[in-house]
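Peer 1: okay, structure incoming, though there's no sequence with it:
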């Protein structure tokens, strides 16, 4: 650090590291648009195929965070909750049906998300809605 009178000149701080989750999501959408442009149930174990195809600029941790973010989203959970939902592979081809157990688990996750949203709104002092924005499963 150089001094000039009482003024201290500092080196500029480097830009922050890019978000590994965002980098992984961008790679997933660009590389596998049929599976990651809209929220459709993904094939069980698809992370193994993705891990094997990781480019150098995407970390394993970034991939798993991106998949966790993707699969915990409202739209993804609603797609799982839809009766007769079909799971897709990386090319968007059907590979199996969502089981009733998986469907019910998605419904529970949607209810938990809804409860957290309502609790957050109540804590912020917003009036309680008579109906949620999106209908949650029964």
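Peer 2: Perfect, I can see it now. This structure is a prediction, so every number in the text was calculated from the model and none was measured. Numbering: from 1, shown residues only.
Peer 1: now do the strands in the chain.
Peer 2: Remark: strands assigned in the chain by DSSP state E are 2-4, 7-9, 86-88, 94-97.
Peer 1: least reliable of those strands going by mean pLDDT?
Peer 2: For these, mean pLDDT drops lowest on strand 2-4, to a mean of 54.
Peer 1: quick one: average pLDDT of stretch 105-122?
Peer 2: In this model, stretch 105-122 has a mean pLDDT of 93.
Peer 1: low-scoring pLDDT stretches of this protein, where are they?
Peer 2: By pLDDT under 70, the weakly predicted segments of the chain are 1-9, 11, 13-17, 127-138.
Peer 1: roughly how far does the closest residue to residue 47 other than its chain neighbours sit from residue 118?
Peer 2: Using CB to CB, 6 or more residues apart in numbering and skipping residues adjacent in sequence, the residue nearest residue 47 is residue 67, 5.8 Å away. C-beta here means a position set from N, CA and C on the backbone, and glycine is covered the same way. Separation of residue 67 from residue 118 (CB to CB, to the nearest Å): 27 Å.
Peer 1: neighbour count: the two, which is higher?
Peer 2: Taking neighbours as other CB atoms under 10 Å, residue 67 and residue 118 compare with residue 67 leading, 19 against 14.
Peer 1: so how far is residue 110 from that one?
Peer 2: Distance of residue 67 to residue 110, given as CB to CB: 18 Å.
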